[in-house]
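> sequence first, predicted model second:
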Amino acid sequence: MVGIILKKEIKNYFRSAGNWIFVFGLPLLLILLMSSALEGYMNTDFHTFDEGKVYYYYEEQTEVNAGKLKEFETLLQESTGVVMQEVSDYEEGIQAVNSSEAFGIIKISGDNMSYYRSPYNETNGGKIVHSLFEQCIGKNTSILNDSVHVIELETTPVDSTSYATFTYLAFVILFIALMTGHSVNDERVYGTIQRIKISRVGLNALLFSKVILGLLIGVLQMTVVWAFSTFVLNVNWGSQAPVMFLVLLCLVLMSSIFGVVIGMISKNKAIADNTILMTVMLSGYIGGALSPIYLLENANILNQIVKISPLYWTGRALTNLYVNIVDTNTFVSIGVSLGLTLLFLLIYKLQIKKATLTIS
């Protein structure tokens with residue numbers, strides 16, 4: 001039954017020229033427009049290391065660890081211009097790092113040095129400083145020779161084109177919810193849901209086919225954007241491309257189910273459309289679609305609010321994977337998408353028995 005319904009859904013969906021534009025045209029148009037609009041923000045040298053600093057805290061100071069820290073401080077200052085500043089309270093230093101007041105904090109105890117960095121809002125400059133620390137100092141200074149070796153880091157910069165490619169692909173994917181929710185409400189107009197609601201299997205098959213259609217549209221958009229960005233914009237997705245597609249696929253699943261659930265539990269089409277549109281736009285606004293995410297992360301209040309947006313986590317994961325960094329952002333992004341998916345399914349299960357399915 002699902003196959004028959006899905007075939008009908010696909011045929012009906014692609015009858016509309018507007019739907020063809022949504023699948024193939026809108027992502028490319030947004031990427032082209034916004035990559036140009038954001039060029040001044042992303043391609044300009046915003047002095048990645050200017051006014052940057054690293055805290056350090058002595059739990060136990062010795063002549064040896066003080067000398068090693070001094071060597072690293074000299075290297076850091078000469079290489080990046082980042083300064084080091086001693087703090088007397090380690091916990092307050094951690095809070096300052098989490099508030100983006102410093103790249104990180106080094107804790108020195110005997111022969112050991114540990115480096116703390118924020119797991120959520122670390123800047124590109126902070127990542128480079130941390131990598132320098134790990135590769136030049138490490139967590140145990142006793143295993144080092146007397147000299148500190150400078151290691152050149154090779155990274156792929158996230159420019160306006162790559163940022164727009166990943167962020168606006170994810171943003172357009174969120175609008176799949178509007179499509180699936182609109183489709184569910186169309187069934188009310190046609191009376192389809194009313195006719196088959198006596199058959200739980202039939203109703204579930206209908207809704208499942210709409211989720212599958214959403215997944216198909218998402219995969220098509222991902223494929224189109226990948227091909228366009230790779231061969232036209234010269235964006236190299238790199239060796240982490242499979243993981244990037246997995247992150248996006250989880251977002252597609254979440255978006256598709258969100259639209260179906262809102263379409264089912266809303267009283268009418270207008271409420272469903274407005275709810276979905278408002279949610280998607282709000283998620284885009286605080287998730288980096290209207291301004292580069294690093295600008296939002298530098299705002300005292302917004303740097304916490306942005307974390308409620310699935311687009312924020314998807315964008316962070318994709319840009320990190322683009323520079324070949326697999327970190328907590330990847331797992332958090334997948335977890336947020338799948339967690340919201342389960343939440344929407346739970347809401348559907350709790351509400352479907354009480355929902356009044358009437359023909360608009």
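Perfect, I can see it now.

> biggest strand in the protein by residues?
For the chain, the longest strand by residue count, based on DSSP state E, is strand 53-60.

> list the buried residues for the next helix or strand after that one?
As assigned by DSSP states H and E, the chain's next helix or strand after strand 53-60 is helix 63-80. Within helix 63-80, the residues that count as buried by 16 or more other CB atoms under 10 Å are 65, 68-69, 71-73, 75-76, 79-80. No exception for glycine: its C-beta is placed from N, CA and C like everyone else's.

> let me know whether residue 183 touches residue 212 as I believe.
No. Using CB atoms under 8 Å, residue 183 is not in contact with residue 212, being 11.7 Å away.

> these two: which is more packed in?
residue 183 (21 against 17; other CB atoms under 10 Å).

> part of a strand, is the more buried one?
No. Assessed by DSSP: H, G, I helix; E, B strand; the rest coil, residue 183 does not belong to a strand; its assignment is helix.

> picking up where we left off before, just checking, what packs against the longest strand of the chain?
For strand 53-60, the elements it packs on are strand 83-86, helix 90-98, strand 104-109, judged by 3 or more CB pairs under 8 Å, 6 or more residues apart in numbering; DSSP states H and E.

> my read: residue 243 touches residue 330, true?
Yes. Using CB under 8 Å, residue 243 is in contact with residue 330, at 6.5 Å.

> helix, strand or coil for residue 237?
Per three-state DSSP, residue 237 ends up coil.

> residues near it, how many?
The number of residues packed around residue 237, counting by other CB under 10 Å, is 18.

> with residue 333 instead?
Neighbours of residue 333 under the rule other CB under 10 Å: 27.

> pretty sure it contacts residue 320?
No. Under the criterion of CB under 8 Å, residue 333 makes no contact with residue 320, lying 9.5 Å away.

> about what we covered before: out of the helices and strands packed on strand 53-60, flag the one nearest residue 168.
Of all those, helix 90-98 sits nearest to residue 168, with 28.8 Å by CB to CB.

> tell me the angle that closest one makes with strand 53-60.
Computed with axes from the mean of the first three to the mean of the last three CA atoms, to 10 degrees, the direction of helix 90-98 lies at 160 degrees from that of strand 53-60.

> return the set of buried residues in helix 90-98.
90, 93-94, 96-98.

> adding pLDDT, write these out as CSV.
Shown next, in CSV, are these (pLDDT from 0 to 100):
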residue, pLDDT
90, 90
93, 89
94, 85
96, 84
97, 83
98, 74
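
> need the max-distance pair from those.
90 and 98 (12.9 Å).

> before we move on, back to that, any chance of CSV for the buried residues of helix 63-80, columns distance to residue 282?
Rendered in CSV, the data for those read as follows (distance: CB to CB, whole Å):
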residue, distance to residue 282
65, 49
68, 48
69, 45
71, 48
72, 43
73, 44
75, 44
76, 40
79, 41
80, 37
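
> closest one to residue 8 out of those residues, please.
For the buried residues of helix 63-80, the minimum distance to residue 8 (CB to CB) is 59.6 Å, reached by residue 80.

> roughly how far out does the helix or strand hosting residue 169 sit from the chain middle?
Assigned by DSSP H and E, residue 169 falls within helix 160-174. Chain-centre distance of helix 160-174: 10 Å, with CA atoms, centre = their mean, to the nearest Å.
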